[in-house]
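Asker: Show me how the following folds:
(chains A and B)
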Amino acid sequence: MPQLKDIKNWNVEIETEITNSWKQKEQFKFNPKTKKKIYSIDTPPPYINSPIHMGHAVTYCFMDFFARFRRMKGEEVLFPLGLDRNGLPIEMAAEKKYKVSPFKIGREKFVEYCEKLLSESSAESIDSFAKLGISFSSYKEGTDIGAIYNTDSPEYRTLTQWTFIDLYKKGLIYEDSRINNWDPKLRTTIADSEIERKEKETDFNYVKFKVKETGKYITIATTRPELLCTAVLIIYNPKDNRYKDLKGKTAIVPIFNIEIPILEHEDADPDFGSGIAYMSSSGGDQDAVRFLRKMGIKPVSPIGIDGLMNEKAGFLEGLKTDDARKKIIEEIKNKNLMEKQEKMIHSVPISERSKAEIEFIEMPEFYLKQMDYKKDIKKISKDINFYPKASKKILDSWIESVSIDWPISRRRYYATPVPLWYSENLIALAPQGKYIEPWRQDPPKDAEVIDAETKKSKGTVKDFPSNKWKGEERVLDTWFDSSISELNMLQYHKDDEFFKKAYPASLRPQGKEIVRTWLYYTVLRGFLETGKACFTDTWIHQHILDEKGRKMSKSVGNIIDPQEILKEDGAEALRLWAATEGDLSKGDFTCSKDKIKAERKTLNKLLNVSKFVMMFHKPSKKPAITKLDQLFIDHIENLTSEVDKLYLIYDFNHPAQDLRKFLWDTLASNYIELVKNRAYNEEDKFTDDESASAKYTLHFLLERLLTLLYPIIPQITSLIAKEKGIDLLTIEWPKPTPTTNNQQLITSLAEFNSQIWKTKKEKGISLRDSIKGIKIPKELSEFEKDLKACHKI
RNA sequence: GAGUCCGUAGGCUAAUGGCAGACCCUCUCGCUUACACCGAGAUGACCCAAGUUCGAUCCUUGGCGGACUCACCA
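Answerer: Here you go, the predicted model:
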């Protein structure tokens, strides 16, 4: 390690040396046998196929602040790094990189490509985290508690399947065929939480329908005329007097000539379109889907799983929905049934992952019951402390808006398989505790067999030797894996004793944008498994924006790459900036390279203050402390107490600002200036005791400052402290002893000093020269000797 | 369309029913037995309107503007 005196400026080379040694020594290893209180952080696993972005960098810095502080507070910190390797992002990356489609090359081959992609991804992120100085429990992959884990590891997937079977047996998971959100590009069902919206211009077509009984025409406006083939009924609002005479009559669907009833229904909005709407049994949008559910109409979809029109669409069969729409509009116009067309902008649901427009297609899928537990979830979420408090509203409002059970099965490939087999009217359940891939594996002999209808146990696979079993091909939603991350971290069903001791997890740190997915699903799953709230605390953070306050995105080209910052300015500057810039739980903050660079000044100031203090030997015995010195000792004791309180509630922003202010203003500009002469004591103006008091206090203040700053800037502080024989990595957090002494005097001192410096400047006297005619204020009279020596009064 | 949060110097922020404090930038001056990546100092701000109040940047209402969440048109 470099010596302090050899370091002119804090730099990246020193950081590399320190962080490398931390990484190699496994310095922050978790001890599962500990008697200390366990503090566990359920970190959000980043996807490994892309390098970490600024948001990752900053939020992991915050998690590291929390972890290092809790270690100092005497807690055993479990702080694992997870790597997300499951699901659609990996599949989409594989499709792109190797230019393959799973629909063409088949599942087996495609999974191999996914595995190939993953093995070639170098997990660059691990290196970036190490350089940031993140004190993960381990930097080695493995199955030890606290080791780096992969979300696609057999161990993790085993637990996912364990919980699936468990919930399935309890009847909380069921299969049902419903209209659901269908992503035609990825060819899978997706949940409401995976939907985004996009503004789109479409034609609003006013189409004429003939009324059978009267022969008159009515006009119905629609954006989706291609769904006319599955029209089932027509509604108008009961309050709408224009259409009263239509009640109970029959309409004939143009082109397809289907006869459908006309009824009154309050879902029809008299002010929208013509006031009459046709309802298609294929849904068409989420509202319509809900309407069908309400009316108990069996859904029939004219759209196939490939997103193309199917045989139910008649002459439109085989066309993409867009083309089908064009064709039928043409047809309607030819038959003179188009009254008019308007352009309208409406927002269409699109898939968050593929950005494809969602279709509503009926598919049998597995569902996890959640509607029955809305009240419970709301209740137990009260047991979780939200930081900031207001972020609880995001969760509450989502819980309220949950309207259907959670569809958990997906028709994709690189994810945890649904662990079931089928044979005639029997279902085989995978044994719990082993990772199983039914799509390419026969059921083990000891797999339990149940009746598909009654769900009653029929023995095991052994008992049905002549049956042929067909493995389930569907996989589970990635959130079904992710929503048990804390159970996995705490060894659920792996190490019961440990789980009992450590559950619930201490902290869930995560972004506000995944409250409705990750947080909500985790609370739900945690409740279903344990009946309790799964976290003690949750810290919800906002976003890092670019210099102008815009979202950073590749397409705008405004990305600030943390890897670059690490190379140029180093981790400590980045961390200090992250802490001082703002309160990430309160609002977004903008990222500017200049500001990060500017934090290097503070690092160098700390370095120089330390060098200065260490020019003096620390007295081996505590000397009698002068009044001036005691004033500053009291000050930092109060500061300690304040910092302690705020760190505990995840506020590192105010402490960081206060500590920086202490370093620059209180310590460097005022205290050091005041006691310099006394510490040197070259002219023997002071007694040895007085001089010793100054030396002792300089060291005391520095040591305390380093300790308080350590969670934020661990490298520079621990390096300096080491030279003083203190190991900040293992030192205990100081017990704050706040005083009620008059801290106002520090302000008065600073004001007085400033006054003298100003006066000297105005008179053109060098600061070193003596000055006459200055009266020391009464309240500061007890510091007269120091003040006179300092200012040469 | 509904809800939540927010609007303070050129930028980013803090506190506050009476005086609005830092930081970065800019400007001026300086060189002091740790530090020129330094020191001292200066300029500069409460979105608008109404109400409550002796007094509002702060509380209330409305408007304008922004961020986010939810919903969304047959």
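
Asker: okay, CA-based contacts and neighbour counts for the rest of this
Answerer: OK.

Asker: Hmm, residue A:768 is touching residue A:791, no?
Answerer: Yes - contact status for residue A:768 versus residue A:791: in contact at 7.4 Å, counting by Cα atoms under 8 Å.

Asker: Show me which of those two is the more surrounded one.
Answerer: A count of neighbours by other Cα atoms under 10 Å puts residue A:791 above the other of residue A:768 and residue A:791, at 19 against 10.

Asker: Could you check how far that one is from RNA strand B?
Answerer: According to Cα to the nearest atom of the strand, to the nearest Å, residue A:791 stands 10 Å off from RNA strand B.

Asker: Please name the residues that touch whatever residue of the stretch 201-350 of chain A ends up closest to RNA strand B.
Answerer: Taking Cα to the nearest atom of the strand, RNA strand B has its nearest neighbour within the stretch 201-350 of chain A at residue A:275, 3.2 Å off. Neighbour list for residue A:275: A:220, A:236, A:237, A:240, A:268, A:269 [criterion: Cα atoms under 8 Å, 6 or more residues apart in numbering].

Asker: What pLDDT does the model give it?
Answerer: If you check residue A:275, the pLDDT there is 78.

Asker: from the contacts of residue A:275, which single one is nearest residue A:782?
Answerer: Nearest to residue A:782 among the contacts of residue A:275, counting by Cα to Cα, is residue A:269 at 81.7 Å.

Asker: what about that closest one, distance to residue A:277?
Answerer: Counting by Cα to Cα, to the nearest Å, the gap from residue A:269 to residue A:277 is 9 Å.

Asker: Show me which of those two is the more surrounded one.
Answerer: Higher neighbour count among residue A:269 and residue A:277: residue A:277, with 23 against 17, using other Cα under 10 Å.

Asker: how about the more buried one, what does it touch?
Answerer: Contacts of residue A:277 (Cα under 8 Å, 6+ apart): A:220, A:221, A:222, A:234, A:235, A:236, A:268.

Asker: Quick check: which element contains the first one?
Answerer: Put plainly, it is residue A:220. strand A:217-222 (DSSP states H and E).

Asker: For RNA strand B, tell me which of the contacts of residue A:277 show up nearby.
Answerer: When contact is defined as Cα under 7 Å from any atom of the strand, the contacts of residue A:277 meet RNA strand B at A:220, A:221, A:222, A:236, A:268.

Asker: among the residues you listed, who's most crowded?
Answerer: Ranking these using other Cα under 10 Å puts residue A:236 first, with 26 neighbours.

Asker: Is it correct that it is in contact with residue A:243?
Answerer: Yes - here residue A:236 reaches residue A:243: they are 7.0 Å apart, a contact under Cα under 8 Å.

Asker: Which helix or strand lies directly C-terminal to the host helix or strand of residue A:165?
Answerer: For residue A:165, the host element (DSSP H and E) is helix A:154-169. Later in the chain than helix A:154-169, the nearest helix or strand by DSSP H and E is strand A:173-183.

Asker: Give me the angle between that following strand and helix A:154-169.
Answerer: Using axes from the mean of the first three to the mean of the last three Cα atoms, to 10 degrees, the inter-axis angle of strand A:173-183 relative to helix A:154-169 is 110 degrees.

Asker: how about the next helix or strand after strand A:173-183, does it get close to RNA strand B?
Answerer: From strand A:173-183 onward toward the C-terminus, using DSSP H and E, the following helix or strand is strand A:188-190. No - judged by Cα under 7 Å from any atom of the strand, strand A:188-190 stays clear of RNA strand B, getting no closer than 13.1 Å.

Asker: next one: stretch A:584-595
Answerer: Yes - Stretch A:584-595 is in contact with RNA strand B by Cα under 7 Å from any atom of the strand, via A:586, A:587, A:588, A:589, A:590, A:594, A:595.

Asker: Filter those down to the ones in helices?
Answerer: Among the residues of stretch A:584-595 next to RNA strand B, the residues falling in helices (DSSP state H) are A:594, A:595.

Asker: can you put the residues of stretch A:584-595 next to RNA strand B in TSV and add neighbour count?
Answerer: Listed next are these as TSV, based on neighbours: other Cα atoms under 10 Å:
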residue	neighbour count
A:586	15
A:587	12
A:588	16
A:589	20
A:590	17
A:594	9
A:595	14
